[in-house]
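Trainee: next comes the sequence, and after it the predicted model I'd like to discuss.
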Amino acid sequence: MGFQVKYEEITSIRELILAQLDRWIEQIDAVRSSIVEIAAMSEMHGEAAEHVRSYMWDYHMNLANMIKDTIETYRSSFILYTDWYYNIDSDQMAEMSQDSMEGLEENIQGARSDFDAVAEEVADIERELSAYLDVGRFSTTCMESCFDNALAGVQNVRT
């Protein structure tokens, strides 16, 4: 038994997830810009100011860069993952086997687990940064909803 590949739905979910990842990258870039501004403040003089400046660069900037790199790595992996579907068959009526559907469900669950791990790391970093900067809160609601919808869609097709 085969299943129809719904390219429009794949494209729609892909666009939602990529848009959310892009928003997070923009937020991280804003944090990075704020760090640069704080470190470059001409009002900061003396040894204590140099320690603050050094701490901002060595700790906070590296942390922001790590978060951005993690999001960008996840984004690249996600793009490769969704591109795989377009290689199945160029026909809009393409079908997938039962094994492919089971593999898809496992891949979505694995991607969700990976995302949850990254989200937890970001939340930990956010908690650490909140003592020093108002970084706001990254929301994972959109991504969680996308994963839930994708998994529900696969399970719906399988039943």
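Mentor: Ah, there it is.

Trainee: pLDDT of the host helix or strand of Glu8, averaged?
Mentor: For Glu8, the enclosing helix or strand under DSSP states H and E is helix 7-39. On average, the pLDDT along helix 7-39 is 89.

Trainee: now do the SS call for Cys142.
Mentor: helix (DSSP: H, G, I helix; E, B strand; the rest coil).

Trainee: one step back: so what's the gap between the helix holding Glu8 and the chain middle?
Mentor: 8 Å (C-alpha atoms, centre = their mean, to the nearest Å).

Trainee: roughly how far does the residue of the chain most remote from its centre sit from Leu129?
Mentor: Largest separation from the mean C-alpha position in the chain: Gly46, at 39.5 Å (C-alpha atoms, centre = their mean). Relative to Leu129, Gly46 is positioned 24 Å away (criterion: C-beta to C-beta, to the nearest Å). Yep, even glycine has a C-beta here, placed from its N, CA and C like the rest.

Trainee: now do the helices in this structure.
Mentor: For the chain, helices defined by DSSP state H occupy the ranges 7-39, 46-55, 62-86, 98-130, 141-158.

Trainee: out of those, which gets the lowest mean score?
Mentor: Among the helices of the chain, helix 141-158 scores lowest, with a mean of 79.
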